[in-house]
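[1] Here you go, sequence then predicted model.
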Amino acid sequence: MRNIKLTLGYDGTEFNGWQIQPGRRTIQGTLLEVVERVTDSRTIVHGAGRTDAGVHALGQVANFHTASRLPPSEFRRAFNALLPPAIRVVEAEEVEPRFHSRWDALAKTYQYRIFRGPIRGPFHRFYTFHYPFPLDADAIAQAARLFEGVHDFSSFAAAAGTERDGREANPLREIFRSELVRCPSPSFSFAPPARPGPSGCEDEMIYIVRGKSFLRHMVRKLVGTLLEVGRGRLSLDDVRGLFDVRDRARSGPTAPPQGLCLISVEYPEPWRIDAG
């Protein structure tokens, strides 16, 4: 059996998240239907991250096993011909049989966009969280750095009992980068950039976080907590204390999904098979 790795981009607005759900339109379910049409066989499509409803991706990674002899370039062409326009296969390649898009990931990078202008344009409606009220950006930037390192993120996860497998039950996570930036790099864009100015995107605030793995809703809870810092409702010491109290009710609310995008997934070694 061959193992095919896909790099995907998608607009999550019309979907109920990544994971298959009975009676609901999901990214994984839609992709699986197309894979089975192309290969004429049943299979399983694994994803690197289980994005929530309304969350987007520029660099989601998936893989599936198949006996089909189609070359990777033909897989990409066929998938993009059959998938809805909201999902695109950016790259398809054959990889080693033991490669798993989720468990072999070394790091994932997410971006969360907050639109700060008084009026949000229509092209930003599904890709940014609109918050035009006063915020202390310097305090948010300082608080964001507190998430870096290995911590117990129980206070920043979904309610107890919602973890979907044993590997997610451990609340310890390592965050390599947690940073507030004024503008993303061009490769990190999804919606058009906010209004440009001499100092960059004047009407936009971007939070970038990179880590090995994340608890359910963790990134959106981190953003909600940072916004509470910016509003003056939480201090830097309050944020530091959240790691010890392990109480999700004490952190900020879960930020809306539309501002979040999975930018990229990194792997430890080249898994590609150079064959055809």
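    Thanks, I have the structure now.
[2] where do the strands sit along this protein?
    2-10, 46-47, 56-66, 87-95, 107-115, 129-130, 149-152, 172-181, 196-197, 200-201, 204-211, 260-266 (DSSP state E).
[3] For the first one, report the contacting residues that lie outside it.
    By C-beta atoms under 8 Å, 6 or more residues apart in numbering, the list of residues contacting strand 2-10 from outside reads 27, 31, 56-68, 72, 75-76, 79, 86-99, 101, 271-272. C-beta coordinates here come from the backbone N, C-alpha and C atoms, glycine included.
[4] pLDDT averaged over that strand - what is it?
    In this model, strand 2-10 has an average pLDDT of 97.
[5] Alpha carbons only: can I get that strand in PDB?
    Backbone C-alpha positions of strand 2-10 (Å, rounded to 0.1, in the frame of the first residue of the first chain) are rendered in PDB as follows:
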ATOM      1  CA  ARG A   2       1.200   3.500  -0.900                       C
ATOM      2  CA  ASN A   3       1.000   6.400   1.600                       C
ATOM      3  CA  ILE A   4       0.000   9.700   0.000                       C
ATOM      4  CA  LYS A   5       0.600  13.000   1.900                       C
ATOM      5  CA  LEU A   6      -1.500  16.000   1.000                       C
ATOM      6  CA  THR A   7      -0.900  19.700   1.900                       C
ATOM      7  CA  LEU A   8      -4.300  21.500   2.000                       C
ATOM      8  CA  GLY A   9      -5.700  25.000   2.200                       C
ATOM      9  CA  TYR A  10      -9.300  25.600   3.000                       C
END
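[6] hmm, back to that, so which of the strands of the chain is nearest residue 229?
    strand 172-181 (10.4 Å; C-beta to C-beta).
[7] returning to that earlier point: of the contacts of strand 2-10, buried ones?
    27, 31, 56-66, 68, 72, 75-76, 79, 87-89, 92-95, 99, 101, 271 (16 or more other C-beta atoms under 10 Å).
[8] So, low pLDDT: which residues of the stretch 101-250 of the chain?
    Across the stretch 101-250 of the chain, residues meeting the criterion (pLDDT under 70) sit at 159-168, 183-202.
[9] I'd say residue 257 and residue 12 touch.
    Yes. Look at residue 257 against residue 12 with C-beta atoms under 8 Å: they come within range, at 7.3 Å.
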